[in-house]
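Visitor: structure, please.
(one chain, ligands or ions: 1)
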Amino acid sequence: MTATLTDRRRAGDDPSAPLLEVDDLTVAFGDGPGSVRAVENVSLSVGTGEIYALVGESGCGKSTLGYSLLGIVPPPGRIAGGDVRFRGRSTTAMPKNELNGLRGSELSMVFQGAMNAFNPVLTIGTQVEHILAAHPGRFSSDEEGKAYFEHLLELVQLPPERIWKSFESQLSGGMKQRVAIAVALLLKPSLVVLDEPTTALDVLNQRLVIDILKELHRELGVTIIFVTHDLAVVAELATRVAVMYAGRLVESGTVDEIFGAGRRHPYVEALINAIPSVLDSGLRVKPIGGSVPNLARLPQGCRFAPRCSLAEDLCRSTEPPLVGDAVGHLVSCHVVNRGLDGDAAGADSNGTAPHADREGAAS
Ligand SMILES: Nc1ncnc2c1ncn2[C@@H]1O[C@H](COP(=O)(O)OP(=O)(O)OP(=O)(O)O)[C@@H](O)[C@H]1O
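Guide: All right, here's what the predicted structure looks like:
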C-alpha cells in the first residue's frame with residue numbers, strides 16, 4: 001500500500017542526483033525603489049529522502065522560499081532571478097499546466113496556519129473525494145484512494161472513520177494540522193514542504209507532530225522540507241539545515257555541523273541560544289538584541305552586522321560571501337571564514353577559529 005523510496009524513483013533516475021536544486025534564486029516583491037528581495041541569491045540542494053530545514057526569524061524569507069519551490073509565490077511576488085529544478089527539470093521555465101500537474105502529484109505543501117485550510121461546509125471525506133476526483137489516474141479506483149487516505153490518518157494517529165465524517169469545526173487545532181499533513185501526502189508526492197508545522201500547536205501537540213513526521217518519513221520515504229524558526233525542532237527532525245537571515249543564506253550544513261562544536265555563523269549561534277522550545281529546558285535562553293532589518297532599508301555590508309558583537313569595519317562595508325569547507329558546510333561571515341582560510345588574524349593561538357567555543361556571539 002505505501003510508496004517506498006524505490007517506488008518513488010523514476011526509471012532512469014540517477015539515485016545520487018539531487019531531487020530538488022535551487023540555483024541562485026532571487027524572489028522580489030514589487031518593482032522599483034519600494035521593491036524588496038525576500039529571497040536573494042539562494043542556492044541549495046535537497047537529496048531524495050532527506051529532511052531539510054529552512055530556519056530563521058520571522059521575515060527572513062523562509063516561507064517565500066518554500067512557496068517558490070512549488071512555483072506559488074503570491075503576487076506581487078515574482079521569481080526575479082535564478083532557477084528551481086525538480087529531478088533536473090527547471091520548474092521556473094516549465095509550462096504552467098505542467099507545473100500544475102507536478103503540484104499535488106509530486107510536490108505538495110502544508111501551509112502555515114493549515115489548520116484553517118479546510119472548507120468549513122464540507123466534511124473532510126468529501127474534500128478528499130474532490131481531490132481524488134481531480135486526479136483520476138493516481139489510484140486504480142476511488143476506493144483505493146480512500147483506503148490510502150485512511151492509512152495516512154492512522155499514521156498521523158487519528159481515527160479514520162471519525163475524521164472522514166467530520167467537519168473542520170469538529171476537530172481540535174492539533175487534529176486539523178495532522179489531517180492537513182495527511183491530505184498533503186494523499187497523492188503520494190515525492191517532496192512535501194511544511195511551513196511551520198509545529199508553531200501554532202501546544203507543547204504536547206508539537207511533540208506529537210514531530211514524532212509523526214519522523215514516522216511518516218520512515219514509513220513513506222517522502223522527502224521533507226520544513227520551514228521553522230525553532231532550532232530545537234530542527235535538531236530533532238532534520239538531516240540538513242539552511243539558515244536564512246534577511247533573505248540570504250547565512251549557513252547551511254548537516255545537523256551535526258550546525259549543532260556540533262564546529263564553526264558557526266554568529267546569527268546561528270545566537271538563534272541556538274535564544275529560542276526556547278518544548279525540546280529545551282529554556283534555561284540557557286538569551287534573546288537576540290535588535291531585530292531583522294526592513295528588507296527595503298538593508299544595512300550596508302553584512303545584514304547581521306548591526307546585531308553582531310563580532311562585527312568589524314569590514315562587516316559594515318562589505319557583504320560576506322558564502323564560503324564552503326571541504327565537506328560542504330557553508331558559512332557567510334567575514335570573521336568566521338577568516339579562520340577557514342587559514343588567515344592568522346582569524347585564528348587563535350591553537351589555530352582554531354575564534355568562534356569555536358563561543359556562546360552568544362550576538363549582542
Ligand atoms: N505578500 C507580500 N507582499 C509584499 N512583501 C512580502 C509579501 N510576503 C512577504 N513579503 C516580504 O518578504 C519578507 C519575508 O517574508 P516571509 O513570509 O517569506 O518570511 P518568513 O521568514 O517566512 O517569516 P514568517 O515566519 O513570519 O512567515 C517579508 O518581511 C516582506 O518584506
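Visitor: check contacts around Trp164.
Guide: Taking C-beta atoms under 8 Å, 6 or more residues apart in numbering as the criterion, Trp164 is in contact with 123-125, 128, 150, 153. C-betas here are computed from N, CA, C, even on glycine.
Visitor: what's the longest helix in this protein?
Guide: helix 203-220 (DSSP state H).
Visitor: packing partners for the helix or strand sitting right after that helix along the chain?
Guide: Once the chain leaves helix 203-220, the next helix or strand it forms, by DSSP states H and E, is strand 223-228. Strand 223-228 sits against strand 51-55, helix 62-69, strand 191-195, helix 203-220, with contacts defined as 3 or more C-beta pairs under 8 Å, 6 or more residues apart in numbering; DSSP states H and E.
Visitor: quick one: Asp23 is in a strand?
Guide: Yes: in this structure, Asp23 lies within a strand as judged by DSSP: H, G, I helix; E, B strand; the rest coil.
Visitor: which pLDDT value goes with it?
Guide: According to the per-residue confidence, Asp23 scores 95 in pLDDT.
Visitor: from Gly30, how far off is the residue lying closest to Gly34 once chain neighbours are set aside?
Guide: The shortest distance from Gly34 to any residue other than its chain neighbours is 6.4 Å, reached at Ala296 (C-beta to C-beta, 6 or more residues apart in numbering). Relative to Gly30, Ala296 is positioned 9 Å away (C-beta to C-beta, to the nearest Å).
Visitor: shared neighbours, the two?
Guide: Common contacts of Ala296 and Gly30 (C-beta under 8 Å, 6+ apart): Val36.
Visitor: quick one: closest of the helices and strands packed on strand 223-228 to the ligand.
Guide: helix 62-69 (3.2 Å; C-beta to the nearest ligand atom).
Visitor: now do the buried residues in the helix or strand following that closest one.
Guide: Next in sequence after helix 62-69, counting helices and strands by DSSP H and E, comes strand 77-86. Using 16 or more other C-beta atoms under 10 Å as the test for burial, strand 77-86 gives 77, 79-80, 82, 84-86.
Visitor: Ser90 - nearest residue in space that isn't next to it in sequence?
Guide: Counting by C-beta to C-beta, 6+ apart, Ser90 lies nearest to Asp83, which is 5.3 Å off, once chain neighbours are set aside.
Visitor: so the one you found makes contact with Met94?
Guide: No: under the criterion of C-beta atoms under 8 Å, Asp83 lies out of contact with Met94, with a separation of 10.7 Å.
Visitor: just checking, Gly324 touches Asn337?
Guide: No: under the criterion of C-beta under 8 Å, Gly324 makes no contact with Asn337, lying 9.7 Å away.
Visitor: anything in contact with each of these two?
Guide: Once C-beta under 8 Å, 6+ apart is applied, the residues that Gly324 and Asn337 both contact turn out to be Val331.
Visitor: those two: who's more crowded?
Guide: Set Gly324 next to Asn337 and count neighbours by other C-beta atoms under 10 Å: Asn337 wins out with 22 against 13.
Visitor: name the nearest residue to the more buried one, sequence neighbours excluded.
Guide: Val323 (4.6 Å).
Visitor: for that neighbour, name its beta-bridge partners.
Guide: With beta bridges defined as DSSP bridges, Val323 has these partners: Val331.
Visitor: C-alpha coordinates for stretch 151-161, PDB please?
Guide: This file holds the C-alpha atoms of stretch 151-161, laid out as PDB (Å, rounded to 0.1, in the frame of the first residue of the first chain):
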ATOM      1  CA  HIS A 151      -3.900   4.600   6.100                       C
ATOM      2  CA  LEU A 152      -2.400   8.100   6.300                       C
ATOM      3  CA  LEU A 153      -4.800   9.000   9.000                       C
ATOM      4  CA  GLU A 154      -3.600   6.000  11.000                       C
ATOM      5  CA  LEU A 155       0.000   7.100  10.500                       C
ATOM      6  CA  VAL A 156      -0.900  10.600  11.900                       C
ATOM      7  CA  GLN A 157      -2.600   8.800  14.800                       C
ATOM      8  CA  LEU A 158      -6.200   9.800  14.000                       C
ATOM      9  CA  PRO A 159      -9.300   7.600  13.800                       C
ATOM     10  CA  PRO A 160     -10.100   7.300  10.100                       C
ATOM     11  CA  GLU A 161     -13.900   6.800  10.300                       C
END
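Visitor: mean confidence for that stretch?
Guide: Averaging pLDDT along stretch 151-161 gives 96.
Visitor: neighbours around Phe139, how many?
Guide: Around Phe139 sit 18 other residues, with neighbours defined as other C-beta under 10 Å.
Visitor: just Ser68 next, same as before
Guide: 25.
Visitor: what do you get for the one 4 residues further on?
Guide: Counted with other C-beta under 10 Å, residues neighbouring Ile72 total 15.
Visitor: before we move on, back to that, could I get the helices and strands packed on strand 223-228 as TSV with distance to Glu168?
Guide: Rendered in TSV, the data for the helices and strands packed on strand 223-228 read as follows (distance: least, C-beta to C-beta, whole Å):
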stretch	distance to Glu168
strand 51-55	27
helix 62-69	22
strand 191-195	18
helix 203-220	16
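Visitor: include mean pLDDT and distance to Thr254 when you put those into a markdown table, please.
Guide: What follows is those, written out as a markdown table (pLDDT from 0 to 100; distance: least, C-beta to C-beta, whole Å):
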| stretch | mean pLDDT | distance to Thr254 |
| --- | --- | --- |
| strand 51-55 | 96 | 11 |
| helix 62-69 | 96 | 19 |
| strand 191-195 | 96 | 19 |
| helix 203-220 | 92 | 16 |
